[in-house]
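Enquirer: Okay, structure incoming, though there's no sequence with it:
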């Protein structure tokens, strides 16, 4: 199915061809159909439907404005997501630090116990009989 390319309205001048638009636009590669929805920035619940033929160059300001609006909306949403994520990341970092501190404490306790055992084994024979480790008496000798 081919769409017939309409002619521009007579009486307007094309700056590229330097002729009346009605005589040249339908033959120009810049003559394009824009079809779709154009959201109303004043009322986000209404959408204007567009089905129009114009010079691609004349569509540029419309498209640039629409793109700027979309970029702004996305940046606002990213800001909202950031505000939600930062407190969660802070809580996660705090939990990880607590867990790391607990593991480090256990490691130091294990090192201290191993050092005490080694010291006990290094004591002379007469000092070994009863040495207490973690509340338990252990006999060595």
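Expert: Yes, it's here. In this text the structure is predicted, and so the values were computed from the model without any measurement. Numbers count the residues shown, from 1 in each chain.
Enquirer: Touching stretch 5-20 from outside, list them.
Expert: Residues outside stretch 5-20 that contact it (C-beta atoms under 8 Å, 6 or more residues apart in numbering): 21, 22, 23, 24, 25, 26, 28, 30, 31, 53, 55, 57. Where C-beta positions appear, they are placed from N, C-alpha and C, glycine not excepted.
Enquirer: Now the buried members of the residues you listed.
Expert: Buried by 16 or more other C-beta atoms under 10 Å: 21, 24, 25, 28, 31, 53, 55, out of the contacts of stretch 5-20.
Enquirer: which SS state does the residue lying closest to the third one once chain neighbours are set aside fall under?
Expert: For residue 25, the nearest residue in space outside its immediate sequence neighbours is residue 8; the separation is 4.1 Å by C-beta to C-beta, 6 or more residues apart in numbering. Of the three states, residue 8 takes coil according to DSSP: H, G, I helix; E, B strand; the rest coil.
Enquirer: Residue 8 and residue 61, how far apart?
Expert: Applying C-beta to C-beta, to the nearest Å, the value for residue 8 to residue 61 is 18 Å.
Enquirer: now the strands for this protein?
Expert: 13-14, 19-20, 31-39, 47-55, 131-133, 136-138 (DSSP state E).
Enquirer: Report the angle between the third one and strand 47-55.
Expert: When you say that, I think you mean strand 31-39. Going by axes from the mean of the first three to the mean of the last three C-alpha atoms, to 10 degrees, strand 31-39 is angled at 160 degrees with respect to strand 47-55.
Enquirer: Quick one: mean pLDDT over strand 31-39.
Expert: Here strand 31-39 scores 86 as its mean pLDDT.
Enquirer: rewinding a little: of all the strands of the chain, which one is nearest residue 113?
Expert: strand 131-133 (6.8 Å; C-beta to C-beta).
Enquirer: which regions of this protein sit below the pLDDT cut-off?
Expert: For the chain, the stretches flagged by pLDDT under 70 are 1-2, 39-41, 120, 122-141.
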